[in-house]
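> Sequence and predicted structure are below.
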Amino acid sequence: MSLQCLVFDCDGVILDSVPVKTRAFARLAEPFGPEARDRFVMYHTAHGGVSRYKKFEWFFREVLNREISEEESARWGRLFAQYALDEVRRCPLIPGVSEVLKTWSGRLPLYVCSGAPEEELRLVLRERRLEAYFTGIHGSPPAKAQVLERIMRDAGVEAENALMVGDAVTDRDAAEHVGALFYGVGQELKGGPFPWGADLTGLNDWIRARV
């Protein structure tokens, strides 16, 4: 085994944007009362990496006891972007990610595999001057496991020679689904049966040992 491809989630792995998006979800649910808000935030926190539109569907079905309409989904999507986008454009990078990108861009194909809408994802990474590091930038839809499958095909590598770097169970599950290696980041994944770091400051050394 030798690493031939690196794949990164975005929120919590490249950008320190998870708290920003948590606040945006809370703000969406605030008009429905503190209990509804807290349930939505808990669901969002437990389902990192899932499309926001799937989370909207859950909130309407499980909290409001009805299905969300296409118009309501589109409206909530616009509000979410309005609440979150400016902060995401300014939030810090995860420690260590800049060094990882600078070290391996041009030496290995680098990809982004995110649950965020792809157009928004590309916009933010372009504005943060990070887009050029990546061979491909992919968001939702479809689900993350299917996006990762497509990346493996595009990169032309066997999944066992690819590394997925993520901060959520959804990222880990996507890596397991395709048979890729996995490196966990952040407190949610601490203690799992895979290499882990609180941030990305140790990732370069881990990669160097496997290239």
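Now that the structure is in, tell me what you want to look at.
> The closest residue to Trp206 other than its chain neighbours - how many residues pack around it?
Spatial nearest neighbour of Trp206, chain neighbours left out: Pro195 (5.8 Å); criterion: C-beta to C-beta, 6 or more residues apart in numbering. C-beta coordinates here come from the backbone N, C-alpha and C atoms, glycine included. Counted with other C-beta atoms under 10 Å, residues neighbouring Pro195 total 16.
> Gly179 too?
As a measure of burial, Gly179 has 12 neighbours, counting by other C-beta under 10 Å.
> Past the helix or strand harbouring Phe40, which element shows up next along the chain?
Per DSSP states H and E: Phe40 is located in helix 34-46. Reading on from helix 34-46 to the C-terminus, the next helix or strand found by DSSP H and E is helix 52-58.
> After the longest helix anywhere in the chain, heading C-terminal, what element do we hit next?
Under DSSP state H, the helix in the chain containing the largest number of residues is helix 70-90. Sequence-wise, the next helix or strand downstream of helix 70-90 (DSSP H and E) is helix 97-104.
> helices and strands around that following helix, which ones?
In terms of contacts (3 or more C-beta pairs under 8 Å, 6 or more residues apart in numbering; DSSP states H and E), helix 97-104 is packed against strand 5-8, helix 203-208.
> Mind listing residues that contact that helix?
For helix 97-104, the external contacting residues (C-beta atoms under 8 Å, 6 or more residues apart in numbering) are 6, 8, 13-14, 110, 130, 133, 199-201, 203-204, 207.
> again, only this time at 10 Å
3, 6, 8, 13-16, 93-94, 110, 130, 132-134, 165, 185, 199-201, 203-204, 206-208, 211 (C-beta atoms under 10 Å, 6 or more residues apart in numbering).
> So the residue nearest to Trp206 sits against Gly166, correct?
No: judged on C-beta atoms under 10 Å, Pro195 makes no contact with Gly166 at a distance of 11.9 Å.
> who touches both of those two?
Shared contacts of Pro195 and Gly166 (C-beta under 10 Å, 6+ apart): Phe182, Tyr183, Gly184, Val185.
> What about these, which are in strands?
Residues from the shared contacts of Pro195 and Gly166 lying in strands, with DSSP state E as the criterion: Phe182, Tyr183, Gly184, Val185.
> any idea how far the residue nearest to Trp206 lies from Glu72?
Note on Pro195: its distance to Glu72, by C-beta to C-beta, to the nearest Å, is 41 Å.
> for Asp199, same thing?
Counting by C-beta to C-beta - Asp199 and Glu72 are separated by 37 Å.
> what about these two, which has more around it?
Neighbour comparison, Asp199 and Glu72: the larger count goes to Asp199, with 17 against 14 (by other C-beta under 10 Å).
> Identify the residues contacting the more buried one.
Contacts for Asp199 (C-beta under 10 Å, 6+ apart) come out as Gly12, Val13, Asp16, Leu93, Ile94, Pro95, Gly96, Val97, Asp167, Val185, Gly186.
> from the residues you listed, which is closest to Phe59?
Gly12 (21.2 Å; C-beta to C-beta).
> close enough to count as contact, that closest one and Glu188?
Yes: with contact defined as C-beta under 10 Å, Gly12 reaches Glu188; the gap is 8.5 Å.
> What count of nearby residues applies to Ser105?
Ser105 has 16 nearby residues by other C-beta under 10 Å.
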